[in-house]
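[1] sequence-free structure coming up:
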């Protein structure tokens, strides 16, 4: 079984400042990792995914994440946030051979003008 | 290409009633997964269907059931509704099952049980 821990439930940050949203996972098998974003009253949109290969993954809207196997982490970063980045962000893991995504509890990012 | 659609978007039901939610996947997608999202429990996997067969089921009581039709459209049913079933129900589709294919989510159906 897999589990995901998002260490911060809320992250306030000023506009144009950098941000890092933390995610740690636990699994006994190899994993695939994902970050999703959810805007109010909407479904989830995939930001980026790590399947294999380069540990630095670039996604949409200027976000990137780094897979660190030794620390079992997959932190999401953006060098300069915009007001429109205000949303809830979910880290998710899928174990090799598994059919389902396991999500973290989410991190609410609030960008302050 | 049209995205994942879910109907209805909002629903209010009374305890003890049953409800059916519908999900139409992206054209060509054969896998449909359902998730329940609540403030307390977050996003939890309900079940996945692929080629009209349930491939996996989450830890939910038997009151939660689903099915998939030959055109890949899926429905989920909740019988004998409880207050705790109030949630956003999300449907996600992907091309296939069992591999890390990207899942595309619909906007969800918000169910309120009174």
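    Done, it's in. Note that the coordinates shown come from a computational prediction; the quantities given were computed from them, not determined experimentally.
[2] Please enumerate the strands of the chain.
    Just so you know, I chose chain A. Secondary structure of chain A by DSSP state E: the strands cover A:3-6, A:10-14, A:19-21, A:23-26, A:31-38, A:44-50, A:56-58, A:64-68, A:73-78, A:87-95, A:102-103, A:107-112.
[3] you looked at the wrong chain, it should be chain B
    B:5-7, B:10-13, B:19-24, B:31-38, B:42-50, B:53-57, B:64-68, B:74-78, B:87-94, B:104-105, B:109-113.
[4] For these, could you give me a markdown table that also reports mean neighbour count?
    C-beta: built from backbone N, CA, C; applies to glycine. Shown next, in a markdown table, are the strands of chain B (neighbours: other CB atoms under 10 Å in any protein chain shown):
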| stretch | mean neighbour count |
| --- | --- |
| strand B:5-7 | 16 |
| strand B:10-13 | 13 |
| strand B:19-24 | 19 |
| strand B:31-38 | 23 |
| strand B:42-50 | 22 |
| strand B:53-57 | 14 |
| strand B:64-68 | 19 |
| strand B:74-78 | 21 |
| strand B:87-94 | 24 |
| strand B:104-105 | 20 |
| strand B:109-113 | 18 |
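[5] Tell me which of those approaches residue A:10 most closely.
    Smallest distance to residue A:10 across the strands of chain B (CB to CB): 14.4 Å, for strand B:42-50.
[6] quick one: the closest one to strand A:44-50, angle?
    Angle of strand B:42-50 versus strand A:44-50, following axes from the mean of the first three to the mean of the last three CA atoms, to 10 degrees, is 80 degrees.
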